[in-house]
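>>> Just a sequence and a predicted model for now, questions to come.
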Amino acid sequence: MIGYIKGTVEYIGIDYVLIENNEIGYKLNASSNTLSQLNEGDRVKVYTKMIVREDDISLCGFYSKEELEMFNLLTSVSKIGTKLGLAILSFATPSQLHLYISTSDTKTLSKAPGVGKKTAERMVLELKDRLGKLSISGEDFVGKPTVSMPTTSDGEAIDALIALGYTGQESKVAVDFVKQPGMGVEDIVKKALEYILKTNFKF
């Protein structure tokens, strides 16, 4: 079992990061919150979880132990798999999810990509009594903000996606996931569409 990887960030994709360690490039599927903490060329330590299925073996990466622990809890819920677990962690940080679940805020939880009312209710039912095992500090990502105010480009990209028929929440999550410094509106929309088409209905 690989507990964590220390190495250099070689490339940051829409929903994954490549980290080089001893001339081996590890592809780690990750949430947007984790990806937002990384920069190409940085030397980092990323916690990992290996996912083994009949037809696939993959690694997921997490910037903090709290996120890894929350991922393990989320994926223990029936019908929440790896992709949906990462999508939920892209929607909210571990401390935010802790709050939503502990207060039975199914209305907010149901707004996460791929999560409807029934799944949100299942999350509260199955996880509320198990939250005490988490070491949530209230600050998930030290040194960098986890929530940012949308810029003008972000707002225009979100509006463009809404005009294409996507919901406001879907559009905001996708834009937050793919945006990088220096990207224009067209680039953000293009990458956001790739993210939505790649993740929708595949959880």
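Nice, thanks for sending it over.
>>> End to end on stretch 159-173, go ahead and measure it.
13 Å (CA to CA, to the nearest Å).
>>> which residues are in contact with it?
32, 87, 90-91, 111-113, 150, 157-158, 174-175, 185, 189, 192-193, 196 (CB atoms under 8 Å, 6 or more residues apart in numbering). C-beta coordinates here come from the backbone N, C-alpha and C atoms, glycine included.
>>> Residue 47 looks like it's in a strand, true?
Yes: counting by DSSP: H, G, I helix; E, B strand; the rest coil, one finds residue 47 located in a strand.
>>> Report the beta-bridge partners for it.
residue 4, residue 62 (DSSP bridges).
>>> Quick check: what element follows the helix or strand containing residue 172 along the chain?
Taking DSSP states H and E as the criterion, residue 172 maps to helix 168-178. Next helix or strand after helix 168-178 toward the C-terminus (DSSP H and E): helix 185-199.
>>> Return that following helix as PDB; C-alpha atoms alone will do.
The C-alpha trace of helix 185-199 is given here as PDB (Å, rounded to 0.1, in the frame of the first residue of the first chain):
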ATOM      1  CA  VAL A 185     -13.000  33.200 -20.700                       C
ATOM      2  CA  GLU A 186     -13.000  31.000 -23.800                       C
ATOM      3  CA  ASP A 187     -10.300  28.700 -22.300                       C
ATOM      4  CA  ILE A 188     -12.100  28.400 -19.000                       C
ATOM      5  CA  VAL A 189     -15.400  27.500 -20.800                       C
ATOM      6  CA  LYS A 190     -13.700  24.900 -23.000                       C
ATOM      7  CA  LYS A 191     -12.000  23.200 -20.100                       C
ATOM      8  CA  ALA A 192     -15.100  23.400 -18.000                       C
ATOM      9  CA  LEU A 193     -17.100  21.700 -20.800                       C
ATOM     10  CA  GLU A 194     -14.500  19.000 -21.000                       C
ATOM     11  CA  TYR A 195     -14.800  18.400 -17.200                       C
ATOM     12  CA  ILE A 196     -18.600  18.300 -17.300                       C
ATOM     13  CA  LEU A 197     -18.700  15.900 -20.200                       C
ATOM     14  CA  LYS A 198     -16.100  13.700 -18.600                       C
ATOM     15  CA  THR A 199     -17.700  13.500 -15.200                       C
END
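>>> any idea how far it is from the chain center?
Chain-centre distance of helix 185-199: 16 Å, with CA atoms, centre = their mean, to the nearest Å.
>>> and residue 8, which of the three is it?
Assigned with three-state DSSP, residue 8 falls in the strand class.
>>> Repeat that for the one 10 residues further on.
Secondary structure for residue 18, judged by three-state DSSP, is strand.
>>> Touching, it and residue 24? I think so.
No: taking contacts as CB atoms under 8 Å, residue 18 lies outside contact range of residue 24: 10.3 Å.
>>> Who has more neighbours out of the two?
Remark: of residue 18 and residue 24, residue 18 carries more neighbours, 16 against 9, as counted by other CB atoms under 10 Å.
>>> what's across from that one in the sheet?
residue 11, residue 27.
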